[in-house]
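Enquirer: Take this sequence and fold it.
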Amino acid sequence: MNAAVAFREMEYQDIEQIMEIEKASFAIPWTAEAFERELSMNEYARYVVMEEDGAIIGYCGMWLVLDECHITNIAVLPAFRGKGLGELLLTEALRQAREAGARTATLEVRVSNTTAQGLYRKLGFLNGGIRKRYYTDNYEDALVMWVNL
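Expert: Numbers count the residues shown, from 1 in each chain. Here you go, the predicted structure:
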């Protein structure tokens, strides 16, 4: 890991860089407008960006509702994957959630995304159930995972 990796809260001017990561990471990327709404209208939303040398290389979104954290999305630029940065990013997001009072965290992941599932299990997430036909691009099931913080 580069010592220049830093975390901070997402700001409006970050959305253009976030969209590059989003488009490189997801079959159905969120829109810039969705991120704008999250930042301006969703009182429960918190987004953490990960920077290296001033450039955004990853981000993690979460909703903090009462004592629960729901991870909405997490992604790292393809060129930076496989270096432990996703683990670092999720660890930081969960730390912030715990600091904000969250006692549990949950997320959905494609049943075919065994790489992500491995990371989540490494951080203590357990299988919670299946959401049938959750993903609208191909109707793949989602595995729901939970962790106690």
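
Enquirer: tell me the phi and psi of Glu87?
Expert: Here is the backbone geometry of Glu87 (degrees, to the nearest 10): phi -60, psi -40.

Enquirer: Quick check, it in contact with Gly124.
Expert: No: counting by CB atoms under 8 Å, Glu87 does not reach Gly124; the two are 11.8 Å apart. Quick note: C-beta positions are derived from backbone N, CA and C, even for glycine.

Enquirer: tell me the contacts of Ile28?
Expert: By CB atoms under 8 Å, 6 or more residues apart in numbering, the contact set of Ile28 is 135-137.

Enquirer: Could you write me a ChimeraX select line covering just the buried ones among those?
Expert: To isolate the buried ones among the contacts of Ile28 in ChimeraX, judged by 16 or more other CB atoms under 10 Å, type:
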select :135
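
Enquirer: who touches Val5 in this structure?
Expert: So Val5 contacts 50-52, 57, 85, 88 (CB under 8 Å, 6+ apart).

Enquirer: returning to what we had before: what is the nearest of the contacts of Ile28 to Arg37?
Expert: Comparing those against Arg37 with CB to CB places Thr136 closest, at 18.7 Å.

Enquirer: All the helices of the chain, residue numbers only.
Expert: Using DSSP state H, the helices of the chain run over 15-25, 32-41, 85-99, 114-122.
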